[in-house]
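Colleague: Return a 3D structure for these sequence lines:
(4 chains)
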2 protein chains.
Amino acid sequence: MTDSTPALLATKPTWLISQVSAQAHRLLTQALAAAGARGYHYRLLAALAEAGPASQARLGRRTGIDRSDVVASLNELADRSLVSRSPDPDDARRNVITITPAGRAYFRRLDQILTNVQDELLTPLTSAERDTLVALLTRLLKHHDG
Amino acid sequence: MTDSTPALLATKPTWLISQVSAQAHRLLTQALAAAGARGYHYRLLAALAEAGPASQARLGRRTGIDRSDVVASLNELADRSLVSRSPDPDDARRNVITITPAGRAYFRRLDQILTNVQDELLTPLTSAERDTLVALLTRLLKHHDG
DNA sequence: CAAATTTCAGTTCCACTGAGATGG
DNA sequence: CCCATCTCAGTGAAACTGAAATTT
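Modeller: The predicted structure follows:
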């Protein structure tokens, strides 16, 4: 009962954000794991489905995933034939990564799962409050990477 | 230039939260590292400074740190004489952890650092907006652990 | 007996670093 | 020569699991 979190912690925005983020992460990884995927897989497939084929370096920039992790995650996706890797005819340093039809179908399934998780996370907020939260977070994000 | 993050990602609240959380985490770990500490150290010292001596199990519950990590982190703090470990006279299973005067001074320093990081993170928001953000996050958090 | 505490060993995910090889 | 790309190997924080030993 005296095991509540210290007020000095619980009132700090960085702590609140990291706690909510951890909760979101739990919901997300659980839901994705049930479909056989991890966060990196969804992010990479989203970038490919939305903006088309790209080199691995560009995928890393689009998704914010580290160059090393891009390699490993694409290996996993390629093993399942969800993406295909082929040499770039215009630049021999690059691989061109393309999402396959199976990858596209898989991505649609994952995206639906993600949409459901959003709703689960934001359950206690009204629609207007959700918009407010998104707007504030978006501004913070813009400021810290510009 | 075509390396912007996919809209399907960038509009999802879970993604926004995790990105802002990652940014907060970067600011925090950098600032703490400059003072020779990690997040676990601050959390444990905060719990001890605010609510007094406790067993390791109780510290874990207060701070949300896993029982295994509590052991390792307290070892590090004890090595630097910031906390002291002594057997509980009332229950031989327990250790009683107490913050030392040096630990208290160190914690005050860390807490000031943390306060500065809050300001850095929330720079783009007005005072009213910060309150709104904190209120929304607090409600989300309350809902997902009750 | 069941339950709690401390501890150790190991795992997973995420973010990151360093270095080598190839090519522009 | 310098820079970008791909890849491998490895680090480190954070959250967690399983199991053993001790004590209540």
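Colleague: Going by C-alpha atoms from here, please, whenever you check contacts or count neighbours.
Modeller: Will do.
Colleague: Is whichever strand or helix holds A:T115 positioned near chain B?
Modeller: Here A:T115 is covered by helix A:101-121, with elements defined by DSSP states H and E. Yes. In terms of C-alpha under 8 Å from any C-alpha of the partner chain, part of helix A:101-121 sits within range of chain B, namely A:T115, A:Q118, A:L121.
Colleague: now that helix, how far from the chain's geometric center?
Modeller: 11 Å (C-alpha atoms, centre = their mean, to the nearest Å).
Colleague: what's the distance between the residue nearest the centre of chain A and B:S81?
Modeller: What sits nearest the mean C-alpha location of chain A, by C-alpha atoms, centre = their mean, is A:R43, with 4.3 Å. With the distance defined as C-alpha to C-alpha, to the nearest Å, A:R43 ends up 44 Å from B:S81.
Colleague: same question, A:L137
Modeller: Per C-alpha to C-alpha, A:L137 is found 40 Å from B:S81.
Colleague: same thing with A:S86?
Modeller: Counting by C-alpha to C-alpha, the gap from A:S86 to B:S81 is 57 Å.
Colleague: where exactly do the helices run in chain A?
Modeller: With helices called from DSSP state H, chain A shows them at A:7-10, A:13-34, A:39-51, A:56-63, A:67-79, A:101-121, A:127-143.
Colleague: okay, the angle between the longest one and helix A:39-51?
Modeller: Meaning helix A:13-34. Between the axes of helix A:13-34 and helix A:39-51, defined by axes from the mean of the first three to the mean of the last three C-alpha atoms, to 10 degrees, the angle is 80 degrees.
Colleague: Look at A:S86 and B:S81 and report which has more neighbours.
Modeller: B:S81 (15 against 11; other C-alpha atoms under 10 Å in any protein chain shown).
Colleague: dump the residue contacts of that one.
Modeller: Remark: with contacts taken as C-alpha atoms under 8 Å, 6 or more residues apart in numbering or on different chains, B:S81 is in contact with B:T100, B:A102, B:G103.
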